[in-house]
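> How does the following fold in three dimensions:
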Amino acid sequence: MLPLARFLRHFFHLLYHSFAWSYDLVAWIVSLGRWRGWVESVIPFIKGTRVLELGHGPGHLQRTLLDLGLLPFGLDESRQMGRLAKKRLSENGYTQANLIRGLGQDLPFPAKAFNTIVATFPTEYIFEQRTLSEARRTLTNGGRLVVLPVAWVTGKGPLDRFAAWLFRVTGQAPSDLSEKETARLVEPFTAAGFLVKTELYEVKSSRVLIVIARKPYT
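A predicted model of the protein is given here:
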């Protein structure tokens, strides 16, 4: 592993655990205030009322789903993120949040429990066949796995150009989304038996890629 990649992996681990309290600030800074908009860009692709969020983080999407009258569950392996999310939801009147500590590779839910499973900016675990197999098991027939793996800053201002460069050099976003890169992202979902399409979604002088993987009717 290259030194930069090793450093970033360690940094993100700390940000998601010991330094979870700073997650929102760091996300806001590196995205120039766009992070919440990126995360919420998955909402139009969510179908049905029973929704599982993999890697719920500090709980912003959980709150939005509750505000929309849906029945969301959240799963995260970080104890610190679980505390932050529960605190945020409780402060907004949601004292019975369905947040569970666990791993995407071993979902503690029955078969066909959810209409949609969603993950925003997940780590490599989302491409593992164990994760995708568990997602398929817990989705209803025709249910969706909606994944937002990457975003690009497309604004032309100096800060926008710097943020776009930073995302490229740190490997957080490819320089462009070629057919080859798209095929690489989609292949694990196809191999797991999903019917897959991708969407590019414009958000505040930026662009996000959304993967919609549908479980076939059987």
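> just the helices in the chain please.
3-16, 23-30, 35-40, 60-67, 79-91, 129-138, 158-169, 179-191 (DSSP state H).
> okay, the ones you listed in JSON lines with mean pLDDT, distance to W152 and mean neighbour count next?
Using the backbone N, CA and C atoms, a C-beta is placed for each residue, glycine as well. As requested, the helices of the chain are exported to JSON lines (pLDDT from 0 to 100; distance: least, CB to CB, whole Å; neighbours: other CB atoms under 10 Å):
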{"stretch": "helix 3-16", "mean pLDDT": "70", "distance to W152": "18", "mean neighbour count": "13"}
{"stretch": "helix 23-30", "mean pLDDT": "86", "distance to W152": "13", "mean neighbour count": "15"}
{"stretch": "helix 35-40", "mean pLDDT": "92", "distance to W152": "10", "mean neighbour count": "18"}
{"stretch": "helix 60-67", "mean pLDDT": "97", "distance to W152": "20", "mean neighbour count": "20"}
{"stretch": "helix 79-91", "mean pLDDT": "95", "distance to W152": "25", "mean neighbour count": "17"}
{"stretch": "helix 129-138", "mean pLDDT": "98", "distance to W152": "25", "mean neighbour count": "19"}
{"stretch": "helix 158-169", "mean pLDDT": "70", "distance to W152": "7", "mean neighbour count": "14"}
{"stretch": "helix 179-191", "mean pLDDT": "87", "distance to W152": "12", "mean neighbour count": "14"}
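> Output the ones you listed as CSV; include the columns distance to G102.
Listed next are these as CSV, based on distance: least, CB to CB, whole Å:
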stretch, distance to G102
helix 3-16, 15
helix 23-30, 19
helix 35-40, 20
helix 60-67, 15
helix 79-91, 10
helix 129-138, 10
helix 158-169, 29
helix 179-191, 21
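> Any idea which of those helices gets closest to P110?
helix 129-138 (7.3 Å; CB to CB).
> residues in contact with that closest one?
Under the contact criterion CB atoms under 8 Å, 6 or more residues apart in numbering, helix 129-138 has outside partners 52, 54, 104-107, 109-114, 117, 125-126, 145, 188-189, 191-194, 213, 215.
> And for stretch 179-197?
Contact with stretch 179-197 is made by 127-129, 132-133, 135-136, 145, 147, 149, 174, 198, 209, 211-216, as judged by CB under 8 Å, 6+ apart.
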